[in-house]
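Structure for the following, please:
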Amino acid sequence: MFNTVSARQLQRGYKKVLEKANKLKKPLVVIANNKPLGAIIGLDLLEELELDSVLKEAMTEYKAGKTKKISTEKELEDDLKELEKYV
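Residues are numbered from 1 along each chain as shown. You can find the predicted model right below:
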């Protein structure tokens, strides 16, 4: 079951709600008129979700053969030089 917070609580004490979201490391579902409106998550959880997303994307590309293998320091240096062209 999700932890919930009312929209009124959020309006009156957003700082406490955000602190609670950071402490719980789980989403807080915002409720108004007994209906869910959205969710609040702490920064640590947001970072974790972003990292998970990047990892899934990388694994998908790897499985599709869209990555290349770098075996030597020279190959790495050459690849980094090529990437600098795009920055």
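
contacts, neighbours, all on C-alpha from now
Noted.

Nearest the middle, which residue of this protein would you pick?
With distances taken as Cα atoms, centre = their mean, Glu50 lies nearest the centre of the chain, 2.5 Å away.

Helices of the chain, residue ranges please.
Per DSSP state H, the chain carries helices over the ranges 7-12, 14-24, 43-63, 73-84.

tell me what the first one is packed against?
Meaning helix 7-12. strand 28-32 (3 or more Cα pairs under 8 Å, 6 or more residues apart in numbering; DSSP states H and E).

Same check on the third one?
Using 3+ Cα pairs under 8 Å, 6+ apart as the contact criterion, the neighbours of helix 43-63 among helices and strands are helix 14-24.

Give me the contacts around the helix it packs on.
Val5, Gln9, Leu10, Pro27, Leu28, Ile40, Ile41, Gly42, Leu43, Asp44, Leu45 (Cα atoms under 8 Å, 6 or more residues apart in numbering).

Show the buried residues in those residues.
Buried members of the contacts of helix 14-24, counted by 16 or more other Cα atoms under 10 Å: Val5, Leu10, Pro27, Leu28, Ile40, Ile41, Gly42, Leu45.

could you dump those to JSON lines with pLDDT and distance to Thr72?
Formatted as JSON lines, the buried ones among the contacts of helix 14-24 follow (pLDDT from 0 to 100; distance: Cα to Cα, whole Å):
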{"residue": "Val5", "pLDDT": "96", "distance to Thr72": "53"}
{"residue": "Leu10", "pLDDT": "96", "distance to Thr72": "54"}
{"residue": "Pro27", "pLDDT": "94", "distance to Thr72": "43"}
{"residue": "Leu28", "pLDDT": "96", "distance to Thr72": "47"}
{"residue": "Ile40", "pLDDT": "96", "distance to Thr72": "45"}
{"residue": "Ile41", "pLDDT": "95", "distance to Thr72": "41"}
{"residue": "Gly42", "pLDDT": "94", "distance to Thr72": "40"}
{"residue": "Leu45", "pLDDT": "93", "distance to Thr72": "36"}
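
I appreciate the help and will end here.
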